[in-house]
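Visitor: sequence first, then the predicted structure:
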Amino acid sequence: MKTALVVGSGGREHALAWALARSPQIQHVYVAPGNAGTRWDDNPSATGLQPRAASTNVPIAVEDFTALIAYTRQQALDFVVVGPEAPLAAGIVDAFQAAGLRIFGPTRDAARLESSKAFAKGFMREHHIPCAESATFDDYAAALQFLADRETAHGPASPLVVKADGLAAGKGVMVCNTIEEARTALHRTMVDRSFGAAGHRVVIEERLYGRELSILAFTDGQTIVPMPPARDHKPVYDDDQGPNTGGMGAYTHPPDVDGALLEMIERTVLRPAIDGMAARGTPYRGVLYAGLILTPDGPKVLEFNCRFGDPEIEAILPLLEADMAEVLLACIEGRLGQVSIPFRPGVGATVVLASPGYPGPYPGGIPITGLETLATSDDIIVFHAGTTQREGDGHLVTAGGRVLAVSAVGESLPATLRRVYEGVAPIHFEGMHYRRDIGGLL
Ligand code: AMP
Ligand code: GLY
């Protein structure tokens, strides 16, 4: 029997820990630092579809590689899986590998596909991966001149997207309707430095139109195994109104996505990306997440992410029939080609319950009620994102912007969504808000 460590503390990490804990090879999952849901031994109301392995939260921050390595060694844990992008971009995989430990995820050089948008654009151009036309600038004056030239050529209503080069917690992308808006976005990024060092360089690109699609694939650097296609809903309010969030809900198998489209994405996006990274001596292992937009000219890449999508994975993993530990170990050991990764037929979906004020500032410590009624469900799973147990009485309280992700699986999208919203119904915390139109329901 094996033990695993999950690094991170959100809904994605609860889903990863939960999927690992269902593996027949796993006896104990550790989560650093985790949340109230990832310690299901002490908090049995946490989750439906109880996993069989034990779980423990470890109070170590995701950026403290030295302490994480020491803990992994001391407990003789078999392998590690990393949730968030920041430690991947900072080289957590390199550090564990240097210590001779097994870890799932890309190295720092491979994670540049997410951590530098300028690198990703150059890479996509070199490997003919379809994406928006773009230009990259280190110099504010040159970027302003580009906008002026664009205004002369296309007029003041020319739509563009301004992107800070580095990691900006999902906030560094500004979709602009006019040149004036693009100037403001540029000023915020390069002069005000609203996104810190991430804004020392910008990518300015044409605005594309179409529905978005998230394709996540397991890879060992050679073999690619895509997971079921998913769609996430980023704006905070129904009907895509309001500011963007990390994601307010997601569902698998969008009805406008067929096998021919998935085959095309694998051939024109995933395959050249994995082969291109191997060819430059920075093989990509882990999960490659392509954020795509389905334009009239075909699918184009908006961004690559070097990790599991959140909340996509809370919709996808409940469908996984494969042994998660075996899948991750096969990626780490370069033998993904010998492993089959079945997903059950049907659809997965998840709805995020958010704190009052999110995605702006929000309070913490609000008591959460109603989860007990779901603990015995066999098709609804509540993944915790921003939760903790209150000091003293141990009551479950909010501790983040996205608080819970309520997931369900079912035969069809409408049936699954019905179950998800039935799962949401008994849950309450003061000021809780969520979208009522995930999956296209209104
Ligand atoms: P990114 O972090 O690059 O995925 O961008 C975040 C969001 O901004 C995407 O999910 C899209 O909704 C939007 N976006 C990014 N690039 C473009 C583009 N070229 N055209 C239209 N929308 C975009
Ligand atoms: N759901 C968007 C992301 O994980 O980046």
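Guide: Alright, I've got the coordinates. Ligands and ions are numbered 1, 2, ... in the order given.

Visitor: so which residues of the stretch 51-200 of the chain form strands?
Guide: 54-57, 79-82, 103-104, 134-137, 160-164, 173-176 (DSSP state E, counting those that start in this stretch).

Visitor: can I get the ones you listed in CSV with distance to ligand 1?
Guide: (Each C-beta comes from the backbone N, C-alpha and C, glycine too.) Rendered in CSV, the data for the strands of the stretch 51-200 of the chain read as follows (distance: least, Cβ to the nearest ligand atom, whole Å):
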stretch, distance to ligand 1
strand 54-57, 30
strand 79-82, 19
strand 103-104, 23
strand 134-137, 8
strand 160-164, 4
strand 173-176, 4
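
Visitor: pLDDT below threshold where in this protein?
Guide: 42-50, 170, 441-442 (pLDDT under 70).

Visitor: list the buried residues in stretch 323-336.
Guide: Asp323, Met324, Ala325, Glu326, Val327, Leu328, Leu329, Ala330, Cys331, Ile332, Leu336 (16 or more other Cβ atoms under 10 Å).

Visitor: about what we covered before: which one of the strands of the stretch 51-200 of the chain lies nearest to ligand 2?
Guide: Among the strands of the stretch 51-200 of the chain, strand 173-176 comes nearest to ligand 2, with 10.8 Å by Cβ to the nearest ligand atom.

Visitor: okay, buried residues for the closest one please.
Guide: Buried residues in strand 173-176, counted by 16+ other Cβ under 10 Å: Val173, Met174, Cys176.

Visitor: ok, so of those residues, who is nearest Gly286?
Guide: Nearest to Gly286 among the buried residues of strand 173-176, counting by Cβ to Cβ, is Val173 at 22.6 Å.

Visitor: end-to-end on stretch 230-243?
Guide: 21 Å (Cα to Cα, to the nearest Å).

Visitor: in that stretch, what counts as buried?
Guide: Neighbour-count burial for stretch 230-243 [16+ other Cβ under 10 Å]: Ala230, Arg231, Asp232, His233, Lys234, Pro235, Val236, Asp238.

Visitor: for the second one, helix, strand, or coil?
Guide: Think Arg231. strand (DSSP: H, G, I helix; E, B strand; the rest coil).

Visitor: list the contacts for it?
Guide: Contact analysis of Arg231 by Cβ atoms under 8 Å, 6 or more residues apart in numbering lists Arg211, Glu212, Leu213, Ser214, Ala250, Tyr251, Pro254.

Visitor: who's in contact with stretch 267-283?
Guide: Under Cβ under 8 Å, 6+ apart, the answer for stretch 267-283 is 107, 109-110, 112-113, 123, 126-130, 215, 217, 219, 221-222, 224, 226, 284, 288, 290, 292, 298-299, 301, 304.

Visitor: this protein against ligand 2: which residues are in contact?
Guide: Asp232, Gly247, Asn305, Gly309, Asp310, Glu312 (Cβ under 6 Å from any ligand atom).

Visitor: whichever of the contacts of stretch 267-283 end up buried, select them in PyMOL.
Guide: Remark: buried members of these, expressed as a PyMOL selection using 16+ other Cβ under 10 Å:
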select buried, resi 107+109+110+112+113+123+127+129+130+215+217+219+221+224+226+284+288+290+292+299+301+304
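
Visitor: helices - which of the contacts of stretch 267-283 land there?
Guide: Judged by DSSP state H, the subset of the contacts of stretch 267-283 located in helices is Arg112, Leu113, Phe123, Glu126.
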